[in-house]
Each structure stands twice: as C-alpha cells, then as structure tokens.
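Enquirer: Any chance you could fold what I've pasted below:
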Amino acid sequence: MKDKFGKNTLVRLLKAQKNEATEAVVYARLAVSVKDPAAAKIFTGISRDEKRHYDFYRKLTGAEIAPDRRKIFRFFWIARIFGLTFGIRLMEQDEGNAQKNYAELQKELGTLSKIIRDEEKHEHALIDLINEEKLQYIGSVVLGLSDALVELTGMLAGLTLAMQNSKLIALAGLITGVAAALSMAASQYLAVKHESSGNAYKSAVYTGVTYIFTVILLVAPYLLFKDYFLALAATMALALAEIVIFNFYISVAKNLSFKKRFWEMTLICFSVAAVSFVIGYFVKILLNVTV
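Expert: Predicted coordinates for the structure are as follows:
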C-alpha cells in the first residue's frame, strides 16, 4: 500500500508513525508509575489513543516501526524527576515539528483530521486535569526564589566592595541568608494560614527550602575563590543560570511566556546588585572601614 505514496510523503508518514509509537509507550509507562488512580487513567487513555494513531499509520505504510527508546527514557525520567506536568508539556513542545508534519500530511491525504484534533485538543485537555503538588505551591517557590535572588545578589555585591574578603563575605551572606529564609518561611506560613487558601506548613517549607538553596548556591563561589571579584562574577553567573532554569520550568509547566518572566526577573536582580555594589563602595569610603 505504501507504493501509492511519493517518497517525501512516505518519509513523513513513517516519522509520524514512529512518533505515535514512542508516545504510546511513554504514556503507558507513566500510567504504571503514578500513584494517583485518576492520573493513571488519564495516561492509559492517551496511550490507547496514540496506539490507535500508530495503527492508522501502519495501515497506510504497511510497515512496523519501533519506538524511539532514547526519547522514551529521556521524557519518562524527566517527568518522574521534575513532575508529570512539566515532562508531558516539554514532550508536547518537542512535538512542534510533528504537528507541522501532520498538517502537511493532511493537505496531501486529507484523512488525518481526527488525529490532528486528538493531538491538539484531547491530550491537552487531559493533561490539564493533572493536579500536581509541585504546581499548587509554585507561588511559594516563586516567592522564595525571587526574594532570595534579589536580596542575596544585592547584599553580596555590596559586601564585596565593603569587606573585600571572600571568607567574611561568605560568612555574612550565610548568616543573613539563613535568617532571611527562616523569616520568609514564617511570614509565608502566617500569610497562608490567615488567608486559609492552602496548607500553611507546606507553603512555608517550599518557600524556606527554595530560599536556603538559593543562599547556598550564591554564597558558594565566595567559599571556593579567594579573589572576591571572581567570586562575585561567579555568583552573578549562577544567579542568571538559576533564573533561566526556573523560568524555563515555569514557562513549560504552566504555559507562560518565558521571555517576559526571564527579562523581568533578570532586570530586577541585576539592577539591585548594581546599586548595592555602588552603595558598598561609597559606604566603605565614607566610614573609612578597613577589613
């Protein structure tokens, strides 16, 4: 039956068939691995649809296609480690070329409308039903991360010129950072408890842990490098990397704009650091402090 297709069309059909085979296995494995029966049912349904799509393409091509094992391994463990919603949405984003491939095949064959509707509507509607704790408390994570980035980069930049001693800067940063993390966690606990909008204890833990992790990450260069300017440069590079990774995660998991959130957080963080750096310089001169 495949002889009736041109070479390019056949290549696209085989590519689509392999994609369906791969996703069918990914969703089937996720269905077995999750503890939530509702989520397992969702993944089983999606896997069944993908298998049906594969069978449709198999009848057109007359070929049996093995799934992409590397892709299965990659996306399965991404979903397990970073959360189901993130892993699935990342996989769907990775299928952007596949969607284009479906559209081109639809123009040529005119028989893929149901598959396209499934890909564009059915799977996304099911994915939106998944309710993960990671995403429920994302506001607490945002609070801890953004506050820690702004405060720590600003404070460390100011202390770099004021103290000019990597070990002392690290000491001051750790003490201040941990105290600020505990204060922020306590404030989040009271705020959520007062609003009765969620689990106050978990909100406080997410905020505090995120804050402390960021503190350790940003202070680490001052423990590794004796040159305090090199340590500051490394700290700012780590802050930028954390902003990129965090905003990429949020943009994928919650379907938000990456660029807008990235530039907003980066501008605030680095502006505060620059102002604090200048303040540290003038404070050292005005107070005539030598460390």
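
Enquirer: Give me the below-cutoff pLDDT ranges for this protein.
Expert: Counting by pLDDT under 70, the chain shows low-confidence ranges at 1-7, 94-137, 139, 196-198, 284, 287-291.

Enquirer: Can you give the domain ranges for it?
Expert: Here the domain parsing of the chain from automatic domain parsing is 2-131, 134-287.

Enquirer: how about the residue nearest the centre of the chain, what does it touch?
Expert: For the chain, the residue nearest the mean C-alpha position is Tyr249 (1.3 Å; C-alpha atoms, centre = their mean). By C-beta atoms under 8 Å, 6 or more residues apart in numbering, the contact list for Tyr249 reads 82, 86. Where C-beta positions appear, they are placed from N, C-alpha and C, glycine not excepted.

Enquirer: Show me which residues of the helix or strand harbouring it are buried.
Expert: Following DSSP states H and E, one finds Tyr249 within helix 228-253. Neighbour-count burial for helix 228-253 flags 228, 231-232, 234-236, 238-240, 242-243, 246-247, 249-253 (criterion: 16 or more other C-beta atoms under 10 Å).

Enquirer: Toward the C-terminus from that helix, list the very next helix or strand.
Expert: Assigned by DSSP H and E, the successor of helix 228-253 is helix 258-287.

Enquirer: on that earlier part again, which of the domains of the chain sits most buried?
Expert: Ranked by mean neighbour count, those are led by domain 134-287 with a mean of 18 (mean count of other C-beta atoms under 10 Å).

Enquirer: what about that domain, distance to the chain center?
Expert: On the basis of C-alpha atoms, centre = their mean, to the nearest Å, domain 134-287 sits 17 Å off its chain's mean C-alpha point.

Enquirer: Pretty sure Cys78 sits against Gly87.
Expert: In this structure residue 78 is Ile, not Cys. Yes - between Ile78 and Gly87 a contact is recorded at 4.4 Å, counting by C-beta atoms under 8 Å.

Enquirer: Tell me where the stretch 1-150 of the chain has helices.
Expert: Under the criterion DSSP state H, counting those that start in this stretch, the stretch 1-150 of the chain contains helices at 7-33, 37-61, 69-82, 84-94, 96-109, 113-117, 123-127, 133-136, 138-163.

Enquirer: Out of the ones you listed, flag the one nearest Glu195.
Expert: Judged by C-beta to C-beta, the one of those that comes nearest to Glu195 is helix 138-163, at 11.4 Å.
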